[in-house]
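# sequence? don't have it. structure:
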C-alpha cells in the first residue's frame, strides 16, 4: 500500500476510521511507525491525519466506562462523556 500511495499525487489528508489497536492490545510504537510511513508516502503533515477511534480501540476493562454503559442500558441515560473517553486512554497516545 505504501508503494502505491507514493505514486499518487494530490492527497490532501488521511482518514483512518478506527480499530488501530485490535482489542486495545496493539503495539503503539509499531502503529505510530506505520502512520509516519503513511504520512510520508502521501506527502501530508501530521495535522492532516484524522484518526477516529473504533470499537476495537476501547479499553473495556475501565470500570467507570463499563458502569456508564450499564446505566445507559438500564435507564437510557446518556453516559458522562469524559468517563466514556477514559476507555480510549491508549488511543489518546497517538495525539501526544
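It's in. Treat the numbers as computed from the prediction; the structure is a model and nothing was measured.

# In contact with residue 57, which residues are there?
Applying Cβ atoms under 8 Å, 6 or more residues apart in numbering to residue 57 gives the contacts 18, 19, 20, 21, 24, 88, 90, 91. Yep, even glycine has a C-beta here, placed from its N, CA and C like the rest.

# Helix, strand, or coil at the fifth one?
Right, residue 24. coil (DSSP: H, G, I helix; E, B strand; the rest coil).

# these two touch, right, it and residue 55?
No: using Cβ atoms under 8 Å, residue 24 is not in contact with residue 55; the gap is 10.1 Å.

# neighbour count winner among those two?
Ranked by neighbour count (other Cβ atoms under 10 Å), residue 24 and residue 55 place residue 24 first, with 18 against 9.

# how near is the more buried one to residue 8?
Residue 24 sits at a distance of 32 Å from residue 8 (criterion: Cβ to Cβ, to the nearest Å).

# Lowest pLDDT pick from the contacts of residue 57?
Minimum pLDDT for the contacts of residue 57 is recorded at residue 24 (73).

# How confident was the prediction at the spatially most central residue of the chain?
Ranked by distance to the mean C-alpha position of the chain (Cα atoms, centre = their mean), the top residue is residue 53 at 3.5 Å. Residue 53 carries a pLDDT value of 85.

# Report the buried members of the contacts of residue 57.
For the contacts of residue 57, a neighbour count by 16 or more other Cβ atoms under 10 Å gives the buried set as 20, 21, 24, 88, 90, 91.

# doesn't residue 88 make contact with the second one?
Okay, so that is residue 21. No: counting by Cβ under 8 Å, residue 21 sits too far from residue 88 to count as a contact (9.3 Å).

# hmm, back to that, looking at the buried ones among the contacts of residue 57, which two lie furthest apart in space?
The largest separation in the buried ones among the contacts of residue 57, counting by Cβ to Cβ, is between 20 and 88 at 10.8 Å.

# The residue of the chain most remote from its centre and residue 46, how far apart?
Ranked by distance from the centre of the chain (Cα atoms, centre = their mean), the top residue is residue 75, with 28.6 Å. Between residue 75 and residue 46 the distance is 41 Å, computed by Cβ to Cβ.

# With residue 38 instead?
Residue 38 is 10 Å from residue 46, by Cβ to Cβ.
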